[in-house]
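**Q** From the sequence below, what's the structure:
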Amino acid sequence: MIIQSLRTDDCFEETVEKYSNLIYRIAYMNVRIKSDADDVFQEVWCRYYQKNINFESEEHRRNWLINVTLKCCKKIYSSSWYKKTVFFDDFPCLKEELSEKDYDVYYAVMNLPAKYRIPIYLFYYENFSVEEISQTTNINPSTVRSQLKRGREKLKHSLKGAELNESKKF
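**A** Below is the predicted model:
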């Protein structure tokens with residue numbers, strides 16, 4: 001198989017170094033399985049390498065990478081296998097890195113439906129503005145704002161439920 005349009009710029013390694021953490025975090029946040037996140041990560045960088053896109057700016061490059069990551073994740077979680085998978089919603093690698101409170105919040109975010117989880121994650125964890133989320137995900141800004149609002153409401157409800165469960169233990 002011969003690939004016609006390989007990257008011609010010299011910045012591939014620099015781009016991978018700059019955006020690899022962001023891409024992996026978004027992939028893992030979406031698919032919630034390490035091996036699937038690894039597959040998405042690899043697919044994103046393969047597509048980037050194969051495409052010879054002249055990006056207008058560094059922001060355009062970042063948005064393209066995030067958009068491709070989200071599309072690859074959607075491909076995985078729209079599969080029939082993924083829909084039938086039961087997740088043991090435990091992220092042991094994060095328990096050592098985050099405080100208990102932060103872990104509880106992250107756990108609640110990870111359990112949101114994807115349409116709320118993606119804007120919440122990009123807004124709070126990656127510090128994107130509503131406009132940046134809109135450009136990156138190709139979603140109307142007013143829709144992003146409503147998804148953020150509804151996601152916050154769901155988080156508030158789930159975190160209050162967790163607090164109630166904790167208080168019942170004692």
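
**Q** domain assignment for this structure?
**A** 11-85, 88-170 (automatic domain parsing).

**Q** got a markdown table for those domains, with mean neighbour count and mean pLDDT too?
**A** In this view, the C-beta of every residue, glycine as well, is placed from N, C-alpha and C. Shown next, in a markdown table, are these (neighbours: other Cβ atoms under 10 Å; pLDDT from 0 to 100):
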| stretch | mean neighbour count | mean pLDDT |
| --- | --- | --- |
| domain 11-85 | 16 | 86 |
| domain 88-170 | 15 | 78 |
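
**Q** Give me the secondary structure label for the most centrally placed residue in the chain.
**A** With distances taken as Cα atoms, centre = their mean, residue 26 lies nearest the centre of the chain, 2.4 Å away. Assigned with DSSP: H, G, I helix; E, B strand; the rest coil, residue 26 falls in the helix class.

**Q** the strands in the chain, which residues?
**A** Assigned by DSSP state E, the chain shows no strands.

**Q** Which parts of it are helices?
**A** 12-31, 34-50, 58-77, 80-83, 92-95, 100-110, 114-120, 130-137, 141-169 (DSSP state H).

**Q** quick check, distance from the second one to the centre of its chain.
**A** Going back to what we said before, that points to helix 34-50. Using Cα atoms, centre = their mean, to the nearest Å, the mean C-alpha position of helix 34-50 is found 13 Å from that of the whole chain.

**Q** Specify the angle between that helix and helix 12-31 in degrees.
**A** 140 degrees (axes from the mean of the first three to the mean of the last three Cα atoms, to 10 degrees).

**Q** try the third one
**A** With the same axes, to 10 degrees as the criterion, the two stretches helix 58-77 and helix 12-31 enclose an angle of 40 degrees.

**Q** which residues touch helix 58-77?
**A** The list of residues contacting helix 58-77 from outside it, by Cβ atoms under 8 Å, 6 or more residues apart in numbering, reads 15, 19, 22-23, 26-27, 30-31, 36, 39-40, 43-44, 47-48, 53, 55, 82-83, 114, 118, 122, 132, 135-138.

**Q** Surely residue 159 is in contact with residue 105?
**A** Yes. Counting by Cβ atoms under 8 Å, residue 159 touches residue 105, with 6.9 Å between them.

**Q** residue contacts, residue 147?
**A** The contact partners of residue 147, by Cβ under 8 Å, 6+ apart, come to 115, 116, 119, 120, 139.

**Q** go again using 6 Å as the cut-off
**A** 115, 116, 119 (Cβ atoms under 6 Å, 6 or more residues apart in numbering).

**Q** Output the residues you listed as CSV; include the columns distance to residue 78.
**A** Listed next are the contacts of residue 147 as CSV, based on distance: Cβ to Cβ, whole Å:
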residue, distance to residue 78
115, 13
116, 17
119, 19
